[in-house]
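fold the following, please.
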Amino acid sequence: MSIELNHTIVHARDNRASAEFFAELLGLEITAEWGPFVAVTLSNGVTLDFATVPAADITPQHYAFLVPEEVFDAAYAKIVQRGIAHQAGPHGEGPGEINHNDGGRGVYFSDPAGHFMELLTVPYGGWPDGAPGN
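Residues are numbered from 1 along each chain as shown. Okay, here's the model as predicted:
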């Protein structure tokens, strides 16, 4: 049996608001709710289970998502349209810009709970054999 990430819990000030922000930005859907969790399932089956916790208990984490070009285009348009602060680099480099690392595009921004989000179209180091899926 191979080892895969199945789910992770994402602390939020408001689990529904954070799940809706994430799902709407990336064209996904809320797929389940149980107990304190509101889940969004990614295309590889991993779920992000958003849980409301006191704001003082939220330690900002970094979540990076490899997305297709068309998803990046749509998400970035929403980021700009909504006036969400964003930058090309992880430490605030290139405010209001995207990067073109490894021949792709990437952007950094924060979600409603203050987590550091990253969208990228090409994995770090580029695609093995030069193209997606090869």
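
buried stuff in the helix or strand hosting residue 11?
Residue 11 is part of strand 7-12, with elements assigned from DSSP states H and E. Across strand 7-12, burial judged by 16 or more other CB atoms under 10 Å covers 10-12. Heads up, the C-betas are built off the backbone N, CA and C, glycines and all.

now distance to residue 30 too, for those, in JSON lines please.
What follows is these, written out as JSON lines (distance: CB to CB, whole Å):
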{"residue": "10", "distance to residue 30": "13"}
{"residue": "11", "distance to residue 30": "17"}
{"residue": "12", "distance to residue 30": "13"}
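
format the residues you listed as JSON lines; extra columns: pLDDT.
Converted to JSON lines, the buried residues of strand 7-12 look like this (pLDDT from 0 to 100):
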{"residue": "10", "pLDDT": "98"}
{"residue": "11", "pLDDT": "98"}
{"residue": "12", "pLDDT": "98"}
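
what are the boundaries of the helices in the protein?
15-26, 69-81 (DSSP state H).

could you chop the protein up by domain?
Here the domain parsing of the chain from automatic domain parsing is 1-56, 60-134.

what's the span of the first one from first residue to last?
This points to domain 1-56. Start-to-end span of domain 1-56 (CA to CA, to the nearest Å) is 39 Å.

low-confidence ranges in this protein?
131, 133-134 (pLDDT under 70).
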